[in-house]
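Q: Predicted structure and sequence below. I'll ask about it afterward.
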Amino acid sequence: MSQIHGFAAQAGGIAQISSRVGSGTTLTIILPKIDKMPAAIQNKGELASIPRGIRVLLVEDNIQVLQFAEQLLDDLGCQTVCASDATEALALLQEQSFDLVFTDIVMPGLSGIDLARQLHIRTPGLPVLLATGHSDQLVGEGEAHLRVLLKPYGAATLSAAISELIAASVVVSGSNVGAITSDQ
């Protein structure tokens, strides 16, 4: 329900639900009418350039969302390692190095925001991209260094967010992410 509400709100509309015992439930999404073609369709095929082979730690507790995000990252040329929660992610980060962490915000145990805060202390300069379908789960003012991607997202918005974070990481930390060889 929260993802439906988030989708409607992102599109400038509203979601309404009505339920009557014995009659069932009706979900109505009301979206504004526009005359222009959506940007995602206008720019289809225009993905932001990201270095091929960047290592991404994907943290997501929902298996369907994890598989979807993993496929998108693979399609973008990323090397993806998956974790089902923040605790597993922290263990993987002790064993391996990554160029970016892409994590859901709402998870059991440590949230994605909690994970990002720990990473900011443990590995400053490691880019963290947060994802949420809950419009009320946005990052507070104290975390201006975090980038939030709203669900639902596609390849274009994901590649743009990754490109932005990697570019900022190279500028801030002098990271060698940009030096990864490309197969393009």
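A: Now that the structure is in, tell me what you want to look at.
Q: Give me the buried positions along the helix ranked longest in the chain.
A: For the chain, the helix that runs over the most residues, judged by DSSP state H, is helix 155-173. Residues 155-163, 165-167, 169-170 are the ones in helix 155-173 that count as buried (16 or more other Cβ atoms under 10 Å). Backbone N, C-alpha and C define where each C-beta goes, glycine included.
Q: just curious, which of those residues is nearest to residue 115?
A: Nearest to residue 115, judged by Cβ to Cβ, of the buried residues of helix 155-173 is residue 165 at 15.3 Å.
Q: Looking at that closest one now. What's its pLDDT?
A: If you check residue 165, the pLDDT there is 91.
Q: Could you list which residues are in contact with it?
A: By Cβ atoms under 8 Å, 6 or more residues apart in numbering, the residues touching residue 165 are 100, 127, 128, 129, 147.
Q: Kindly report the same for residue 4.
A: Contact analysis of residue 4 by Cβ under 8 Å, 6+ apart lists 15, 27, 29.
Q: Contacts for the helix or strand where the second one lies, please.
A: I take that to be residue 27. Element membership for residue 27 (DSSP states H and E) is strand 24-30. With Cβ under 8 Å, 6+ apart as the test, strand 24-30 has contacts from 4, 7, 8, 13, 14, 15, 16, 17, 18, 19.
Q: Now do the third one against residue 31, distance only.
A: Using Cβ to Cβ, to the nearest Å, one gets 7 Å for the distance from residue 8 to residue 31.
Q: care to break this protein down by domain?
A: As given by automatic domain parsing, the domain ranges for the chain are 2-32, 55-177.
Q: okay, the ones you listed in JSON lines with distance to residue 47 next?
A: Putting the domains of the chain into JSON lines (distance: least, Cβ to Cβ, whole Å) gives the following:
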{"stretch": "domain 2-32", "distance to residue 47": "20"}
{"stretch": "domain 55-177", "distance to residue 47": "4"}
